[in-house]
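Novice: fold the following and give me the result.
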Amino acid sequence: MAAESMSVVGDRSSKTTGNKRSLPDLDETDQNLKVARKEEGENNGKLSESDCSLHLEQPGPTSPGDEYEEDTSDEEDIRNTVGNIPMEWYKDYPHIGYDLDGKKIYKPIRNKDELDEFLDKMENPDYWRTIPDKMTGTEIRLTDEQIDLIHRIQKGQFGDAKFNPHEPSIDFFTHETMIHPVTNHPAHKRSFIPSLIEKEKVSKLVNAIKMGWIKPRKPRDDTPQYYDLWAKEDPNAILGRHKMHIPAPKLKLPGHEESYNPPPEYLLTEEERLAWEQQEPEERKLSFLPQKFTSLRAVPAFSRFIHERFERCLDLYLCPRQRKMRVNVDPEDLIPKLPKPKDLQPFPTTQALVYTGHTNLVRCISVSPSGQWLASGSDDSTIRFWEVCTGRCLRTIEVEGVVRSIAWNPNPVQCLVALTVEQSVIIVNPCLGDKLLYNATDQIIASFEKPEEEPAQPVEWTAADGDAFDKGYRLIIKHNKLVKQVTWHGKGDYLATVVPDNGNAQVLIHQLSKRQSQNPFRKNKGMVQCVLFHPIRPFFFVATQRYIRIYNLLKQELTKKLMTNCKWVSSMAVHPGGDNVICGSYDSRLAWFDLDLSTKPYKMLRHHKKALRGVAFHKHYPLFASASDDGTVIVCHGMVYSDLLQNPLIVPVKLLRGHEITRDLGVLDVTFHPTQPWLFSSGADSTIRLFT
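Specialist: Purely as a prediction, here's the structure:
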């Protein structure tokens, strides 16, 4: 017990001395110890005098001091108590933290700028060893020991200069057999039995050497080997010797003018000599004057010999030469491989009939669905009906103006023709062919009953009577402005008209059975040139000057907008399949659109030299034609495949001539026969021609 208490006191005293604790602290501690001992003595009843006397041996009194003054702890910098935080947080404050008493540590009044820094660098000899302290904002001068430590760490040495990294190692396991070895395991059985795996490997290697699969290494031959660097290269080859060696161009061989005795025609006359002297050196054909000498011995030394040799050397040395690889392409290979026209027959090739009778240019033609009759409209204010096979004019109807467009009703049950005259669309019954058919048509028109409440309409419908009825007129649809075009729907009940100068009512659709008209568009974008109904689907094509818009009539929305890449669209035709469109333009282009492929032209044909006036597709044969002001009709083979991956095949097959150019106008309209590979064309020379 005594020993225990002594050790406690001794430990206390040593700690107290080390930390220079103040006297009141010691007294308080001793009092506590005495109380503890007293309680223990009372409990045991054996507390001795000597135990108590040990507590009186206190060290001498020490002056009271601050215990943190000499604290060498590296855990925390006690000058600034903010802890391990980014000091940037204090950049907007005048202080930098708090000391131990909770007072603010203020930043230096004036921060150093670059000029102060420079002056300090020049004048302060300890500048290189002064570093700023971020925690307190002051500057610290490093001691020699600290600099030495930094240098040692930079060199990768140990921080402690007294540490010896090369101390002699202690050999724990010796080679000598000791009486008490560190490990005394008995030797393993595998250490003295031959290995079966090694035996197997060795036998495999021996077998491979016997079979010749593994060849022993040849002894190395150290004798130096010499070889010819250029032996295997052909010096005459293009890439021989140097990879891109280009031989220098050879000088022109001397001719007769350089002879010492040239023929007389090579010698210059006095005028030629004067002219030669007045020319610039670069412009002269010859760089010297031809001279005549009696013999070779009389020829003096050439004065410009060294100059010429020097120029030649400069040419060889400085003039860049490059090898141009010529591409040898057969021009025939660049032309696309197209089938021969004779393999693409039938198509119209020869002029069979000329229909004459009109006295002015024939603007429009249309063929009946049966292919037996042809209707034509002209500027001579007449429409004529022709028999196709004979060329006879069966009927002539006089109208009150220029016929700009004519269209035969595609429904074979009805015998009707629609035509545009000035501001009206006239529905005519030509009374040709089957009498039962055209009488039934008249009965259908006559059976119309007016509704009780007539809706407001943009046009005026009137039924023909009297002389007009005898002429063949059946219905007259009066518009506000000039009507440019009329076209029928495939079923034959609806027809569309184009009225160019009519604001937002440029396109009107009329229903024949109900005698009603409507404007399908609230607003027209651009000047409408022509319109067409889709042959199968409920689509409506509207061609303006530069675009073709396709509208869905059921959904009443724009489906597609085709960019024609033309300046002014003149005409348009839809393929019977409905997936391809061609349009002609006044800038002599024909654009073919594949509607499944793109909104831009699949092919742009520029075969005509002047404006295109009309384009047409054949209903059954893969043919289309274009008529132009250059007086020609070009027939092309346009095969559309049912395989969607195969592009349409477009081949021009025939150039048809015959129409004469009148008043700078050539062929004005073109259309195909509905069943035969025949073509009708109308021209400014007042004729209609049939090509078969």
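Novice: what is the burial count for Ala440?
Specialist: Applying other CB atoms under 10 Å, we find 13 residues neighbouring Ala440. Heads up, the C-betas are built off the backbone N, CA and C, glycines and all.
Novice: again, but for Glu123
Specialist: Residues lying near Glu123 (other CB under 10 Å) number 8.
Novice: quick check: phi and psi at it.
Specialist: Dihedral angles of Glu123 (phi, psi; degrees, to the nearest 10) stand at phi -100, psi -30.
Novice: residues contacting it?
Specialist: By CB atoms under 8 Å, 6 or more residues apart in numbering, Glu123 lies in contact with nothing.
Novice: residue numbering should commence at 132 henceforth.
Specialist: Done: numbering now begins at 132, and the last item shifts to Glu254.
Novice: helix or strand for Ile437, which one?
Specialist: helix 436-449 (DSSP states H and E).
Novice: which residues touch that helix?
Specialist: By CB under 8 Å, 6+ apart, the residues outside helix 436-449 that reach it are 379, 382, 433.
Novice: quick one: pLDDT of the first one?
Specialist: According to the per-residue confidence, Ala379 scores 76 in pLDDT.
Novice: separation between it and Cys444?
Specialist: 11 Å (CB to CB, to the nearest Å).
Novice: do Leu465 as well
Specialist: Relative to Cys444, and taking CB to CB, Leu465 is found at 44 Å.
Novice: the more surrounded of those two?
Specialist: Ranked by neighbour count (other CB under 10 Å), Leu465 and Cys444 place Cys444 first, with 10 against 7.
Novice: how many residues are close by Ala318?
Specialist: 7.
Novice: got phi/psi on it?
Specialist: phi -60, psi 140.
Novice: neighbouring strands - and their directions - for the host helix or strand of Leu626?
Specialist: Counting by DSSP H and E, the element that carries Leu626 is strand 625-629. Counting by DSSP bridges, the strands paired with strand 625-629 are strand 616-619 (antiparallel), strand 638-642 (antiparallel).
Novice: mean neighbour count, those: which tops it?
Specialist: strand 616-619 (a mean of 22; mean count of other CB atoms under 10 Å).
Novice: sorry, back to before: what residues of the helix holding Ile437 count as buried?
Specialist: When burial is assessed from 16 or more other CB atoms under 10 Å, helix 436-449 yields no buried residues.
Novice: how far is that helix from where the chain is centred?
Specialist: Put simply, helix 436-449 sits 52 Å off its chain's centre (CA atoms, centre = their mean, to the nearest Å).
Novice: how about the CA coordinates for the next helix or strand after that helix, as PDB?
Specialist: Next helix or strand after helix 436-449 toward the C-terminus (DSSP H and E): helix 462-465. Listed next in PDB are the C-alpha coordinates belonging to helix 462-465 (Å, rounded to 0.1, in the frame of the first residue of the first chain):
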ATOM      1  CA  PRO A 462     -15.400   8.300-121.300                       C
ATOM      2  CA  GLU A 463     -17.900   5.600-122.100                       C
ATOM      3  CA  ASP A 464     -17.700   4.400-118.500                       C
ATOM      4  CA  LEU A 465     -18.900   7.700-117.100                       C
END
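Novice: name the SS class of Ile284, please.
Specialist: The three-state label given to Ile284 by DSSP: H, G, I helix; E, B strand; the rest coil is helix.
Novice: remind me which residues of the stretch 232-381 of the chain are low pLDDT?
Specialist: Within the stretch 232-381 of the chain, the stretches with pLDDT under 70 are 304-305, 312-313, 360-376.
Novice: what about the helices in it?
Specialist: 245-254, 275-285, 327-342 (DSSP state H, counting those that start in this stretch).
Novice: next helix or strand past the last one?
Specialist: Translated: helix 327-342. Past helix 327-342, the next helix or strand by DSSP H and E is helix 401-409.
Novice: give me the contact list for that following helix.
Specialist: 399, 415, 417, 420.
Novice: dump these into a markdown table; add distance to Ala815 as well.
Specialist: Converted to a markdown table, the contacts of helix 401-409 look like this (distance: CB to CB, whole Å):
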| residue | distance to Ala815 |
| --- | --- |
| Leu399 | 67 |
| Arg415 | 62 |
| Leu417 | 64 |
| Leu420 | 70 |
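Novice: between these, which is nearest Ile345?
Specialist: Nearest to Ile345 among those: Leu417, at 80.4 Å, using CB to CB.
Novice: residues contacting the residue lying closest to that closest one once chain neighbours are set aside?
Specialist: Setting aside the residues directly before and after it, Leu417 is nearest to Glu388 in space (CB to CB, 6 or more residues apart in numbering), at 6.3 Å. Neighbour list for Glu388: 397, 417, 421 [criterion: CB under 8 Å, 6+ apart].
Novice: can you do 10 Å?
Specialist: Shown in contact with Glu388 (CB atoms under 10 Å, 6 or more residues apart in numbering): 394, 396-399, 416-417, 419-422.
Novice: filter the residues you listed down to the buried ones.
Specialist: Applying 16+ other CB under 10 Å to those flags Pro421 as buried.
Novice: pLDDT of the strand holding Leu626, averaged?
Specialist: Mean per-residue pLDDT for strand 625-629: 91.
Novice: now do the same contact list for the closest residue to Gly603 other than its chain neighbours.
Specialist: With sequence-adjacent residues excluded and distances taken as CB to CB, 6+ apart, Gly603 is closest to Val559, at 4.7 Å. By CB under 10 Å, 6+ apart, the residues touching Val559 are 506, 514, 516, 526, 528, 530, 537, 546-550, 595, 599, 602-606.
Novice: please redo it, this time with the cut-off set to 7 Å
Specialist: By CB atoms under 7 Å, 6 or more residues apart in numbering, the contact list for Val559 reads 528, 548, 550, 603-605.
Novice: what of Gly488?
Specialist: Neighbours of Gly488 in contact, by CB under 7 Å, 6+ apart: 515, 524.
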